[in-house]
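> predicted coordinates and the sequence they were generated for:
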There are 2 protein chains.
Amino acid sequence: MKLYDMKDAPNPRRVRVFLAEKGIKLDTVQIDIMGGENLQEDYLAVNPRGVLPTLQLDNGSIIDEAAAICRYFEDTHPAPPLFGDTPQSKAAVESWIRQIETDAFTPAADVLRNTNPVFENRSVPGTSDTPQVPALAERGVQRIQGFYARLDQHLATSSYVAHNCFTAADITAMCAIDFAEFVGVEVPAELVRLAEWRTRVSARPSAAA
Amino acid sequence: MKLYDMKDAPNPRRVRVFLAEKGIKLDTVQIDIMGGENLQEDYLAVNPRGVLPTLQLDNGSIIDEAAAICRYFEDTHPAPPLFGDTPQSKAAVESWIRQIETDAFTPAADVLRNTNPVFENRSVPGTSDTPQVPALAERGVQRIQGFYARLDQHLATSSYVAHNCFTAADITAMCAIDFAEFVGVEVPAELVRLAEWRTRVSARPSAAA
């Protein structure tokens, strides 16, 4: 089994942090998205979609999409549970992951892919030839800022994002916020609850994975 | 327990079809997104995000995001399993749901919300005041068409979307395709496998839910 990974990319990081929390070690193969290695023949033979991360199982089949790879390991290595442990907490983790993706992760990717010349005609991840839409970058910044205010408010009554313990929602949020910072969207100084939570989850050894 | 729903909206439909497959009946409250009822005080008191669908539990707490509501009922009513029944099939269902959302569902929403005057300054679901970006509609059509070609190819070796039985991935795809058709993107006639699968899943009683 091996993980096709890119050390500096935010979605593969979600999987690496998740694996570190589970105590799972995998062989990885580094693929350079910025340089377009994900769109070259060798990688497309592994995953024709050209996206990362991809988990290749020992039987040769693949699983892509960060959330799907994490769920695979949640099933094979249930402890500690990172997708919740009751019907309601599981639903909360799923809902928050979706909200983080929609309102922070994807908008941060929109900023990067619709402004950086490296992604000219690659504004959508994968193999499609899609021109940049600069207005999407503006919209992205606005969405991220709105989400940060909401998450800060939520953290007034919850010590973690989705539940009263650390879950995959915290991993997703941490990776999204670090990614947004990389593309130039900072956490506003007045959002002290968000900053405190971020310091706390970033201090976990898994954050360096 | 009750479901805040909109009969003609595609995301609430995912939940209704899922519930029908599980044999679960719920009280529903209809909220008119087109008319902006989801952004009025009464509904925002239920769900401050202003999105649909929302499940309100008997304890008063809410679960939003269609996938999260479905996962709640997968846990409370495990039979028949609709999110897979092995680690690998569960990961495949999750991965396909993500791909359908990214490459068909969201692009169809982008077409609708960035062209229809009803959604002026509501181009992003929920409470944010976000102007329309017409270029996103063009991109949306292109993404949907690319996805249809890929799904048709995949159905050459699989009788259902994610697994060899009907799952939530089929529900998501059916709802996405019907929604894309509503916004003007048809399934090309030459994609006969996609058309055959669509006819088959649309004939299930749950499709009318």
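Sure thing, it's come through. Residues are numbered from 1 along each chain as shown, chains lettered A, B, ... in the order given.

> mind jotting down where the helices sit in chain A?
Remark: helices assigned in chain A by DSSP state H are A:10-22, A:41-46, A:66-76, A:87-100, A:106-113, A:134-154, A:168-182, A:192-202.

> dump those helices into CSV; add mean pLDDT, distance to B:Arg139 and mean neighbour count as well.
(C-beta placed from N, C-alpha, C; glycine too.) Formatted as CSV, the helices of chain A follow (pLDDT from 0 to 100; distance: least, CB to CB, whole Å; neighbours: other CB atoms under 10 Å in any protein chain shown):
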stretch, mean pLDDT, distance to B:Arg139, mean neighbour count
helix A:10-22, 98, 20, 23
helix A:41-46, 97, 22, 13
helix A:66-76, 98, 23, 22
helix A:87-100, 97, 21, 24
helix A:106-113, 91, 11, 23
helix A:134-154, 92, 9, 19
helix A:168-182, 97, 21, 24
helix A:192-202, 98, 31, 16
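
> save the ones you listed as TSV, and put in distance to chain B too.
Shown next, in TSV, are these (distance: least, CB to the nearest CB, whole Å):
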stretch	distance to chain B
helix A:10-22	11
helix A:41-46	13
helix A:66-76	4
helix A:87-100	4
helix A:106-113	9
helix A:134-154	5
helix A:168-182	11
helix A:192-202	17
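
> now those helices in a markdown table, with distance to B:Lys7?
Listed next are the helices of chain A as a markdown table, based on distance: least, CB to CB, whole Å:
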| stretch | distance to B:Lys7 |
| --- | --- |
| helix A:10-22 | 35 |
| helix A:41-46 | 42 |
| helix A:66-76 | 29 |
| helix A:87-100 | 22 |
| helix A:106-113 | 28 |
| helix A:134-154 | 28 |
| helix A:168-182 | 31 |
| helix A:192-202 | 37 |
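
> so which of those is nearest B:Ser158?
Set against B:Ser158 and scored by CB to CB, the helices of chain A come closest in helix A:66-76, at 16.2 Å.

> hang on, the earlier thing: right, and the helices of chain A - which one's nearest B:Asp8?
helix A:87-100 (21.9 Å).

> can you list contacts of that closest one?
A:67, A:82-84, A:147, A:161-163, A:167-169, A:172-173, A:176, B:49, B:57, B:61, B:63-65, B:67-69, B:71-72, B:75-76 (CB atoms under 8 Å, 6 or more residues apart in numbering or on different chains).

> compare the helices of chain A and give me the one nearest B:Val133.
Using CB to CB, these put helix A:134-154 closest to B:Val133, at 4.5 Å.

> ok, A:Gly60 - contacts?
No contacts exist for A:Gly60 under CB under 8 Å, 6+ apart.

> wait, A:Ala66 touches A:Val15, no?
Yes: A:Ala66 lies in contact with A:Val15 (CB atoms under 8 Å); the separation is 5.3 Å.

> what's the overlap in contacts for those two?
In contact with both A:Ala66 and A:Val15: A:Pro53, using CB under 8 Å, 6+ apart.

> re the thing from before, quick one: which of the helices of chain A is nearest B:Met6?
Across the helices of chain A, closest to B:Met6 is helix A:87-100 (CB to CB), at 18.3 Å.

> so what's the gap between that closest one and the chain middle?
15 Å (CA atoms, centre = their mean, to the nearest Å).

> that one vs helix A:106-113, what angle?
Here helix A:87-100 points in a direction 30 degrees away from that of helix A:106-113 (axes from the mean of the first three to the mean of the last three CA atoms, to 10 degrees).

> just want the angle from helix A:87-100 to helix A:134-154.
Using the same axes, to 10 degrees: helix A:87-100 against helix A:134-154 is 140 degrees.

> orientation of helix A:87-100 relative to helix A:168-182 in degrees?
Using the same axes, to 10 degrees: helix A:87-100 against helix A:168-182 is 10 degrees.

> hmm, back to that, out of the helices of chain A, nearest to B:Arg198?
helix A:66-76 (23.5 Å).
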